[in-house]
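Visitor: give me coordinates for this.
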Amino acid sequence: MTLPIIIRDALPSDIPACLALELSYETERVWQMTFQPETGNRGILFRTERLPRPTTVPYPADERRLRLCLSKKHCFLVALTKADERLIGFLTMRAMPTHRIALIQDIAVTDVYRRQKVGLRLLNVARRWAIEHELTQLQVETQTKNYPAIQFLQNNGLSFCGFNDQYFLNGDIAVFFGQPLK
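Guide: So this is what the prediction gives:
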């Protein structure tokens, strides 16, 4: 049975509830990036590495990023339980109309509601929003250590499409996954 939820546009008053969600995640694997310098060429290798023990990683929710996505030119969605309208997750996405790209920055679901398709439903609504705004490519950013997110994205049809080794404010490497929108 599917969890009954409501997905709607976020309001400024939703931001404190988004920031209060328990969004840390546990991982036993990470994507390890290795530079492979060769004569005249440069190579980058990403491989899945198993950690010596499961690690809990805090999710980097950012109030400034959330506030910026409240603009009507971007997409900020919240997921609420239908029964009591408790906020259980959110998605933020920037529209980049010059390149016709929709860039998802956050897909976050509180720990007790994971694996109930809340993230997938947020992702599907974001896809529709992007298509309605004439964007043709969906991309999602995440950290190399967020293996659960990497698996989620790959399982939902997105493919690795790039990285930036100086992307996040905390020094984490960003990996990008994308898919064309139809």
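Visitor: now for the lengthiest strand in the chain, which elements pack on it?
Guide: As far as residue count goes, and with DSSP state E defining each element, the longest strand of the chain is strand 41-57. Applying 3 or more C-beta pairs under 8 Å, 6 or more residues apart in numbering; DSSP states H and E, one finds that strand 41-57 contacts strand 25-38, strand 159-164. Glycine gets a C-beta too; all of them are placed from N, C-alpha and C.
Visitor: residues contacting it, please?
Guide: Strand 41-57 has contacts (C-beta atoms under 8 Å, 6 or more residues apart in numbering) with 24-37, 144-147, 160, 163, 175.
Visitor: also stretch 147-154?
Guide: Residues external to stretch 147-154 that are found in contact with it (C-beta under 8 Å, 6+ apart): 25-31, 48, 107, 119, 140, 142-143, 160, 175, 177.
Visitor: could you flag which of these are buried?
Guide: Among the contacts of stretch 147-154, those buried by neighbour count (16 or more other C-beta atoms under 10 Å) are 25, 27, 29-31, 107, 119, 140, 142-143, 175, 177.
Visitor: what's downstream of the longest strand of the chain, the next helix or strand?
Guide: Past strand 41-57, further along toward the C-terminus, the next helix or strand under DSSP states H and E is helix 63-68.
Visitor: distance to Tyr59 and pLDDT added to the buried ones among the contacts of stretch 147-154, as TSV?
Guide: Converted to TSV, the buried ones among the contacts of stretch 147-154 look like this (distance: C-beta to C-beta, whole Å; pLDDT from 0 to 100):
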residue	distance to Tyr59	pLDDT
Tyr25	7	95
Thr27	12	95
Arg29	17	95
Val30	15	93
Trp31	17	92
Ile107	10	97
Gly119	13	97
Val140	14	98
Thr142	10	96
Gln143	9	95
Val175	16	96
Phe177	17	98
